[in-house]
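Participant: what shape does this take:
(chains A and B)
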2 protein chains.
Amino acid sequence: MIEQLTVIGLGLIGSSVARAAKAYGLASRVVAYDISTEVQRRVNELGFVDLVTPSLSEAVRQADLTIICIPVGATAEVARELKVHLKPDSIVSDVGSVKSVVTDALIAELYPRVHVVPAHPVAGTEYSGPDAGFASLFQNRWCIVTPPEGTELDAIEVVKSFWTGCGANVETMTPKHHDLVLAITSHVPHLIAYNIVGTAADLEEVTQSEVIKFSAGGFRDFTRIAASDPTMWRDIFLHNKEAVLEMLGRFNEDLLALQRMIRWGDGQGLFELFTRTRAIRRSIIAQGQETAAPDFGRVQSEKGR
Amino acid sequence: MIEQLTVIGLGLIGSSVARAAKAYGLASRVVAYDISTEVQRRVNELGFVDLVTPSLSEAVRQADLTIICIPVGATAEVARELKVHLKPDSIVSDVGSVKSVVTDALIAELYPRVHVVPAHPVAGTEYSGPDAGFASLFQNRWCIVTPPEGTELDAIEVVKSFWTGCGANVETMTPKHHDLVLAITSHVPHLIAYNIVGTAADLEEVTQSEVIKFSAGGFRDFTRIAASDPTMWRDIFLHNKEAVLEMLGRFNEDLLALQRMIRWGDGQGLFELFTRTRAIRRSIIAQGQETAAPDFGRVQSEKGR
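Facilitator: Numbers count the residues shown, from 1 in each chain, chains lettered A, B, ... in the order given. Sure thing, here's the model as predicted:
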């Protein structure tokens, strides 16, 4: 049990972290800081933390665990501001979707005053802000912890236990490997979703109203992830450049091969790929990372109307 | 009210058409034909039609409306087999996702013996076969009707009324325009979903088990549409080649521009695109083509566990 948990940044993830800490009794006291006075006010209203403060130093002075939940591009700067206020030997973690750059920045700014144990809960929705969070967001999702070499095991254990307490499964890997894995499972999918929605918006032969009307043929699935927070995603691409470009290069090569199959009428090649991809879907459902309900369960709720 | 409706091909769509016709009283008699004896047996068991027959001629001889619900690559051949058995002046329609090639084939084979009124209900799930269908699949979805020039208005009206009776909204366009609209709203999205799932499966640095574990970061949304029927999708790409290659070319151009923004750290450019795409999502939800529930409603059902 953590004495004081401080959450910096109360968006979708930060507010879910704070809510989970209270809901599952993971900290005696949960303190919240957000740079926006609007968010401070709203978190106060929602009342899911013990204290909201507009002062970074007041927020972290007594924190045993501080979790930074802000766009990765702002992490280094906030760490720099935090530094002198942090309780020596306390633990600082984050939830960023990029880990190499962020881990380096946190270590450079904060080590050895505090223990640095970066983490990334692989969970979220397309909504943003303190109203969007909920305590069960991390249930049965994975949280990847990327402690730098030489981190004290006790500190790692505190962060791991926190996430286990939130209902997550915890896995440890190096920051570099994390960034490769997430480039293909999250960053490139988001990029191509943003891209196709942009392409569709710019067509002359097909109107935007037609794109919207007939989106149920597949397009609407892409718009969901292309509705995620723009600042967060801008920062992810700027800070995981190398891995994203590497995975994007492979994606493009494969797409060119597919394009060629279509041009030359290679039905067998198309059929083989389309069959192979079905198996991966089945594994994701079997491992509880997805619902098996048709159409993400949309049809069930529509049936019920 | 149609006297006899015959459905050729009892997969997800065909079996939903047959179920809807019975459920909403759109035809006095619904007859089913499928090339597979296994499917014939199963449809008999499920009991949602008046007659299942292994004979094409018996199936269509008295049909007032025949709807062909098979992969588009097989349409011309089936039309050829049907021809002599069709009741003169009856109506033949289909549900194919590609309309130019299919309309030409149906006209070439069947006109002027019967009226040809091709249609495409923009609805579906990632599941296949007669068990996957349900009567309400077309509720509040769009159905695009693409009658060739000179088609008798009465025949068009029968097909339109049928789809309205299924709960769909009906829109008319030319086959060529349909194929462009669907290339961007459905075919290219499916292609890139299949592609990224394939790319992920082939990586050496990231294992398939990692891809599956951490798929909640965005990847799993793509696997849903990449789990659709392989034969159906092979045929779509082979038969809507021109429009798919045209849209894919634009997608690729835009993706290269994005790739360049990442390489050169153009945060402003990324932010602008990511903001623009949010608006399209909102319109799709506002027009009832999508649920506003976070994460496609997956989080709600997970909360309930």
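
Participant: thought residue A:175 was touching residue A:100?
Facilitator: Yes - the criterion here is C-beta atoms under 8 Å, and residue A:175 meets it with residue A:100 at 4.3 Å. All C-beta atoms are positioned from the backbone trio N, CA, C, and that covers glycine.

Participant: now do the residue in the stretch 1-150 of chain A that chain B sits nearest to, the pLDDT please.
Facilitator: Nearest to chain B, among the residues of the stretch 1-150 of chain A, is residue A:125, at 3.6 Å (C-beta to the nearest C-beta). Reading off the confidence values, residue A:125 has pLDDT 88.

Participant: any idea how far residue A:244 is from it?
Facilitator: 22 Å (C-beta to C-beta, to the nearest Å).

Participant: which one's more surrounded, those two?
Facilitator: residue A:244 (26 against 22; other C-beta atoms under 10 Å in any protein chain shown).

Participant: touching, the more buried one and residue B:262? I think so.
Facilitator: Yes - Residue A:244 lies in contact with residue B:262 (C-beta under 8 Å); the separation is 6.1 Å.

Participant: any chance you could list residues touching both of those two?
Facilitator: residue A:237 (C-beta atoms under 8 Å, 6 or more residues apart in numbering or on different chains).

Participant: which ones are touching residue A:241?
Facilitator: Shown in contact with residue A:241 (C-beta under 8 Å, 6+ apart): B:262, B:263, B:265.

Participant: burial of the closest residue to the residue of the stretch 1-150 of chain A closest to chain B other than its chain neighbours, as a residue count?
Facilitator: The shortest distance from residue A:125 to any non-neighbouring residue, by C-beta to C-beta, 6 or more residues apart in numbering or on different chains, is to residue B:294 (3.6 Å). Neighbour count of residue B:294, defined by other C-beta under 10 Å: 18.

Participant: what ranges do the helices span in the stretch 151-300 of chain A?
Facilitator: A:153-165, A:175-182, A:188-201, A:208-213, A:219-225, A:230-239, A:241-263, A:267-286, A:298-303 (DSSP state H, counting those that start in this stretch).

Participant: counting by contacts, list what the fifth one packs against.
Facilitator: Where contact means 3 or more C-beta pairs under 8 Å, 6 or more residues apart in numbering or on different chains; DSSP states H and E, helix A:219-225 is packed against helix A:188-201, helix B:188-201, helix B:219-225, helix B:267-286.

Participant: what do you get for the first one?
Facilitator: Other helices and strands packing on helix A:153-165, by 3+ C-beta pairs under 8 Å, 6+ apart, are strand A:2-8, strand A:65-68, strand A:91-94, strand A:119-122, strand A:142-145, strand A:169-172.

Participant: so can I have JSON lines of these showing mean pLDDT, distance to residue B:230 and mean neighbour count?
Facilitator: Shown next, in JSON lines, are these (pLDDT from 0 to 100; distance: least, C-beta to C-beta, whole Å; neighbours: other C-beta atoms under 10 Å in any protein chain shown):
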{"stretch": "strand A:2-8", "mean pLDDT": "98", "distance to residue B:230": "46", "mean neighbour count": "24"}
{"stretch": "strand A:65-68", "mean pLDDT": "98", "distance to residue B:230": "44", "mean neighbour count": "25"}
{"stretch": "strand A:91-94", "mean pLDDT": "98", "distance to residue B:230": "42", "mean neighbour count": "27"}
{"stretch": "strand A:119-122", "mean pLDDT": "96", "distance to residue B:230": "29", "mean neighbour count": "26"}
{"stretch": "strand A:142-145", "mean pLDDT": "96", "distance to residue B:230": "30", "mean neighbour count": "23"}
{"stretch": "strand A:169-172", "mean pLDDT": "97", "distance to residue B:230": "32", "mean neighbour count": "16"}
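
Participant: in JSON lines, list the ones you listed along with distance to chain B.
Facilitator: Formatted as JSON lines, the helices and strands packed on helix A:153-165 follow (distance: least, C-beta to the nearest C-beta, whole Å):
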{"stretch": "strand A:2-8", "distance to chain B": "20"}
{"stretch": "strand A:65-68", "distance to chain B": "19"}
{"stretch": "strand A:91-94", "distance to chain B": "16"}
{"stretch": "strand A:119-122", "distance to chain B": "5"}
{"stretch": "strand A:142-145", "distance to chain B": "6"}
{"stretch": "strand A:169-172", "distance to chain B": "7"}
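
Participant: between the ones you listed, which one is closest to residue B:198.
Facilitator: In terms of C-beta to C-beta, the element of these nearest to residue B:198 is strand A:119-122, at 21.6 Å.

Participant: identify the residues contacting that closest one?
Facilitator: A:13, A:93-97, A:99, A:137-138, A:141-146, A:159, A:163, A:166, A:168, A:178, A:182, A:185-186, B:214, B:216-217.

Participant: again, 6 Å this time
Facilitator: With contacts defined as C-beta atoms under 6 Å, 6 or more residues apart in numbering or on different chains, strand A:119-122 is touched by A:93, A:95, A:138, A:141-145, A:159, A:168, B:214, B:216-217.

Participant: coming back round to it: now, of the contacts of residue A:241, which are buried?
Facilitator: residue B:262 (16 or more other C-beta atoms under 10 Å in any protein chain shown).

Participant: filter the contacts of residue A:241 down to the ones near chain A?
Facilitator: B:262, B:265 (C-beta under 6 Å from any C-beta of the partner chain).

Participant: and which of the contacts of residue A:241 is nearest chain A?
Facilitator: residue B:262 (5.0 Å).

Participant: how about that closest one, nearest residue that isn't a chain neighbour?
Facilitator: residue A:237 (5.0 Å).

Participant: what's the local residue count around that neighbour?
Facilitator: The number of residues near residue A:237, taken as other C-beta under 10 Å, comes to 26.

Participant: next up, the contacts around it.
Facilitator: A:244, B:262, B:270.

Participant: separation between it and residue A:267?
Facilitator: Counting by C-beta to C-beta - residue A:237 and residue A:267 are separated by 36 Å.

Participant: residue A:65 too?
Facilitator: Distance, residue A:65 to residue A:267, using C-beta to C-beta: 56 Å.

Participant: who are the contact partners of residue A:229?
Facilitator: residue A:128.

Participant: picking up where we left off before, TSV please, covering the helices and strands packed on helix A:153-165 and showing distance to residue B:71.
Facilitator: TSV is the format used below for the helices and strands packed on helix A:153-165 (distance: least, C-beta to C-beta, whole Å):
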stretch	distance to residue B:71
strand A:2-8	53
strand A:65-68	51
strand A:91-94	49
strand A:119-122	37
strand A:142-145	38
strand A:169-172	40
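
Participant: of all those, which lies closest to residue B:288?
Facilitator: strand A:119-122 (31.0 Å).

Participant: sounds good, over and out.
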